[in-house]
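*Asks:* The following comprises the amino acid sequence and a computationally predicted model.
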Amino acid sequence: MISPSTIYLSSAYLPPVEYIHQLVRSGIVYIEANETYTKQTYRNRCEIYSANGKLALSIPVIKTKGNHTLTKDILISYHENWQNNHWRAIESAYNSSPFFLFFKDDLYPFFYRKINRLLEFNHELLIKILDLIGINKEIRVTDDFLRNIPLDQDFRFSISPKHVSRSINLPPYSQVFQEKSGYIPNLSIIDLLFNEGPGTLEYLKSINL
């Protein structure tokens with residue numbers, strides 16, 4: 001029996017605001033490790049606000065068992081220097097944001113330290129982000145893949161860059177390039193963190209989706 005306060009999420013790289021909002025309002029959080037890995041999702045991709053608008057950053061991965069690889073078995077490829085490229089893009093996008101300098105030293109280590117498995121990398125980065133926001137939450141990793149999870153508790157596949165969701169109605173906050181390109185909702189949580197700083201948790205709690 002699944003507790004009504006429990007939710008299920010996919011693993012995610014610097015996940016979008018909607019993802020963290022669902023996490024905040026829940027009790028126990030399970031991160032899905034035993035699904036067949038799905039490409040072109042937030043599992044290895046985040047979206048930030050660059051000087052030219054929305055910019056997607058993707059971690060190159062290795063499917064150890066081809067298209068049948070489970071998320072827990074996905075490896076990160078370091079054949080290209082994606083860590084340096086991602087950090088330079090993040091720094092360029094948020095260097096002038098109000099709280100980038102305050103948080104950058106906490107996040108930078110993830111962009112030079114090599115972790116083999118995507119699930120582990122995402123998990124450690126998520127825990128750090130939650131700590132910076134001030135969220136104390138029990139995060140578990142699934143042992144098996146469950147199919148019959150109530151829809152209002154299952155966000156493993158619905159929070160996706162491929163889907164237009166209710167998150168389009170997320171209330172606006174100040175963004176660095178907003179005057180140039182307008183407000184862009186549901187970007188990576190770091191967009192909210194770098195712009196709102198200590199106000200991030202209050203913003204997340206105020207969302208009514």
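*Replies:* Received the coordinates, thanks.
*Asks:* got any ranges where this structure has weak pLDDT?
*Replies:* Low-confidence segments of the chain (pLDDT under 70): 1-2, 164-168, 209.
*Asks:* Next one: the residue nearest to Phe100 when sequence neighbours are not counted from Asn116, what distance?
*Replies:* Ranked by Cβ to Cβ, 6 or more residues apart in numbering and with sequence neighbours excluded, the top spatial neighbour of Phe100 is Tyr94, at 4.4 Å. C-beta: built from backbone N, CA, C; applies to glycine. For Tyr94, the distance to Asn116 (Cβ to Cβ, to the nearest Å) stands at 28 Å.
*Asks:* Same question for Tyr42.
*Replies:* 20 Å.
*Asks:* Which one of these two is surrounded by more residues?
*Replies:* The residue with more neighbours, out of Tyr42 and Asn116, is Tyr42; 24 against 12, by other Cβ atoms under 10 Å.
*Asks:* wait, isn't the more buried one in contact with Val17?
*Replies:* No. Using Cβ atoms under 8 Å, Tyr42 makes no contact with Val17, being 11.5 Å away.
*Asks:* So which residues of the protein form strands?
*Replies:* For the chain, strands defined by DSSP state E occupy the ranges 7-10, 28-32, 45-50, 53-58, 61-62, 75-76, 138-141, 154-155.
*Asks:* Name every strand pairing with the last one and say which way it goes.
*Replies:* Read it as strand 154-155. Next to strand 154-155 in the sheet, as set by DSSP bridges, lie strand 7-10 (parallel).
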